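Undergrad: build me a model from this:
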Amino acid sequence: MGMIGGGIDSFIGDVHRKAAAMDGMIELVCGAFSSSEGKSKRSGQALYLPENRCYGNFEEMFIEEKDRQVEERMDFVSIVTPNHLHFAPAKMALENGFHVVCDKPMTLTVEEAEELQALASTKGLLFALTHNYTGHPMVKQARAMIRNNELGKIRKIQVQYLQGWLTTSVEKTGHKQALWRVDPSKSGLGGALGDIGTHAENLVEYITGLALTEVAADLGKFGEGRALDDDGNILLRLENGAKGTMSFSQIAVGEENNLAIRVYGDKGSLSWHQENPNQLLVKWLDKSAQTFTPNSNNLHKQALAASRIPAGHPEGYLEAFANIYKNFAIHLNATSQNLKIEDSDYPTASDGVRGIKFIHAVVASDKNNSTWAKV
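TA: Residues are numbered from 1 along each chain as shown. Okay, here's the model as predicted:
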């Protein structure tokens with residue numbers, strides 16, 4: 001793979017590199033790691049890449065990599081830049097025949113997201129979105145149980161994603177991660193909504209297999225002078241008639257990464273908490289509750305395939321992230337051999353478009369005094 005962004009001092013770029021390397025299927029071979037040519041090349045050298053594959057910008061990287069021999073050039077690019085820098089490199093990658101893995105949210109506008117989706121489809125290229133929480137084994141177990149109708153008809157969903165790191169105005173101290181997230185020109189229409197609300201939205205649709213159809217939203221801007229939301233509460237309507245609630249915040253004092261989901265059917269219910277990711281609690285209408293772990297005897301194959309370490313050991317953020325890259329690599333290898341796979345099982349451009357439509361619908365609802373808006 002090649003990489004755009006993720007240079008020296010980058011948090012998420014390092015996460016992507018570790019996750020991609022975990023299963024020994026992907027090798028980082030080149031990159032344009034910063035908008036600064038000097039920093040980009042220093043970053044590549046710090047990763048022990050050859051000097052001639054440490055590029056000054058992504059345009060140069062695509063042109064030069066395209067001219068390399070097939071066995072040498074990169075197969076796909078991983079885009080780990082702030083939100084406003086997703087569209088241009090993703091579009092150029094697809095236009096030049098490279099598959100794409102992109103951080104979420106996919107783009108700033110619905111039109112851009114749909115353009116990338118159409119381009120990937122036209123070119124016959126793969127596009128993955130790193131909604132990493134879908135990679136957890138117990139999330140996959142939850143999804144498989146619902147697909148297998150074990151919980152019956154889904155009626156109610158509750159999802160939350162609570163953090164507290166923006167409780168104070170850390171962006172005014174020069175905090176790098178906060179600065180671009182509170183800037184509409186870089187983050188887009190959504191602040192906390194785009195950063196973590198989209199993870200909650202994607203988790204609902206991934207686990208239940210149901211699309212959100214309408215939202216009624218109330219967004220908050222508690223940080224002094226902030227232009228974007230840092231808190232929100234949303235009512236949800238899903239395509240099968242199910243109802244739901246979503247709460248997300250980055251000003252919830254004391255919360256670290258409290259992502260959790262509860263799904264209620266007419267036969268049973270389940271709950272999963274990201275801060276305790278190895279457990280899935282399932283309660284039944286007519287029998288005792290069960291707690292599933294990656295070592296349970298009766299897991300679905302999707303959960304088993306996502307587990308890679310010995311029983312009783314914590315399996316978490318990096319491993320879940322790695323499952324996105326692993327499943328993408330399996331699909332890419334199959335594609336290169338003209339083989340079909342049963343279920344690619346990673347978020348795609350379609351999920352990216354859904355996420356951007358969700359952001360726009362939530363903002364529209366909030367601006368219209370929380371009236372219902374279609375996703």
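Undergrad: pretty sure residue 34 contacts residue 43?
TA: Yes - with contact defined as CB atoms under 8 Å, residue 34 reaches residue 43; the gap is 6.2 Å. Placement of C-beta: from N, CA and C, glycine included.
Undergrad: next, the nearest residue to residue 134 once chain neighbours are set aside: secondary structure please.
TA: Closest residue in space to residue 134, ignoring its immediate chain neighbours: residue 206 at 4.9 Å, by CB to CB, 6 or more residues apart in numbering. Three-state call for residue 206 (DSSP: H, G, I helix; E, B strand; the rest coil): helix.
Undergrad: can you show me the helices along the stretch 201-350 of the chain?
TA: 301-306, 317-336, 349-367 (DSSP state H, counting those that start in this stretch).
Undergrad: contacts for the longest one, please.
TA: So the one you mean is helix 317-336. 15-16, 18-20, 22-23, 25-26, 75-76, 99, 101, 126, 128, 130-136, 139, 277, 306, 308-309, 340-341, 344-347 (CB atoms under 8 Å, 6 or more residues apart in numbering).
Undergrad: again, only this time at 7 Å
TA: If you take CB atoms under 7 Å, 6 or more residues apart in numbering as the criterion, helix 317-336 is touched by 15, 18-20, 22-23, 25-26, 75-76, 99, 101, 126, 128, 130, 132-133, 135-136, 306, 308, 341, 344-346.
Undergrad: buried residues, that helix. List them.
TA: Buried residues in helix 317-336, counting neighbours by 16 or more other CB atoms under 10 Å, are found at 317, 319-332, 335.
Undergrad: same check, this time on the last one
TA: When burial is assessed from 16+ other CB under 10 Å, helix 349-367 yields the following buried residues: 349, 351-366.
Undergrad: buried only: go through the contacts of helix 317-336 for me.
TA: 15, 19-20, 22, 26, 75-76, 99, 101, 126, 128, 130, 132-133, 135-136, 306, 344-346.
Undergrad: thinking again about what came up before, the contacts of helix 317-336 in strands, which ones?
TA: With DSSP state E as the criterion, strands contain 76, 99, 101, 128 from among the contacts of helix 317-336.
Undergrad: which residues sit in contact with the third one?
TA: With CB under 7 Å, 6+ apart as the criterion, the residues that contact residue 101 are 76, 78, 128, 130, 328.
Undergrad: also the first one?
TA: The neighbours of residue 76, taking CB under 7 Å, 6+ apart as the test, are 1, 98-101, 332.
Undergrad: try it again at 8 Å.
TA: Residue 76 neighbours (CB under 8 Å, 6+ apart): 1-2, 93, 98-101, 126, 328, 332.
Undergrad: pLDDT and distance to residue 195 added to these, as CSV?
TA: Shown next, in CSV, are the contacts of residue 76 (pLDDT from 0 to 100; distance: CB to CB, whole Å):
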residue, pLDDT, distance to residue 195
1, 98, 24
2, 98, 25
93, 98, 23
98, 98, 27
99, 98, 25
100, 98, 21
101, 98, 19
126, 98, 25
328, 98, 22
332, 97, 28
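Undergrad: out of the residues you listed, which comes closest to residue 188?
TA: residue 100 (18.6 Å; CB to CB).
Undergrad: pretty sure the closest one sits against residue 125.
TA: Yes - between residue 100 and residue 125 there is a contact under CB under 8 Å: 7.1 Å.
Undergrad: just the strands in the stretch 51-200 of the chain please.
TA: Ranges of strands in the stretch 51-200 of the chain, per DSSP state E, counting those that start in this stretch, are 76-79, 99-102, 127-129, 154-162.
Undergrad: distance from the third one to the middle of the chain?
TA: Relative to its chain's centre, strand 127-129 lies at 9 Å (CA atoms, centre = their mean, to the nearest Å).
Undergrad: hmm, residue 33 and residue 56 touching each other?
TA: No - in this structure residue 56 lies outside contact range of residue 33 using CB under 8 Å: 9.9 Å.
Undergrad: now do the shared contacts for those two.
TA: residue 40.
Undergrad: more neighbours, those two?
TA: residue 33 (29 against 17; other CB atoms under 10 Å).
Undergrad: mind checking how far the more buried one is from residue 327?
TA: 25 Å (CB to CB, to the nearest Å).
Undergrad: what residues are bridge-paired with residue 76?
TA: Per DSSP bridges, residues listed as beta-bridge partners of residue 76: residue 99.
Undergrad: tally of neighbours for residue 268?
TA: Around residue 268 there are 20 residues (other CB under 10 Å).
Undergrad: err, residue 233, not the other one
TA: The burial count for residue 233: 16, using other CB under 10 Å.
Undergrad: in contact with it, which residues?
TA: 217-218, 245-247.
Undergrad: redo that, cut-off 10 Å
TA: 160, 216-220, 245-249, 370 (CB atoms under 10 Å, 6 or more residues apart in numbering).
Undergrad: how confident was the prediction at it?
TA: Predicted confidence (pLDDT) for residue 233: 98.
Undergrad: where along the stretch 201-350 of the chain do the strands fall?
TA: Under DSSP E, counting those that start in this stretch, the stretch 201-350 of the chain gives strands at 212-220, 231-238, 243-249, 258-265, 268-273, 280-284, 290-292.
Undergrad: and the ones you listed as TSV, adding distance to residue 197?
TA: Formatted as TSV, these follow (distance: least, CB to CB, whole Å):
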stretch	distance to residue 197
strand 212-220	9
strand 231-238	6
strand 243-249	5
strand 258-265	11
strand 268-273	18
strand 280-284	23
strand 290-292	27
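Undergrad: now the closest residue to residue 227 other than its chain neighbours: how far from residue 267?
TA: Nearest residue to residue 227, sequence neighbours excluded (CB to CB, 6+ apart): residue 184, at 5.3 Å. For residue 184, the distance to residue 267 (CB to CB) stands at 44 Å.
Undergrad: cool, residue 49 as well?
TA: For residue 49, the distance to residue 267 equals 53 Å [CB to CB].
Undergrad: no further queries at this time; thank you.
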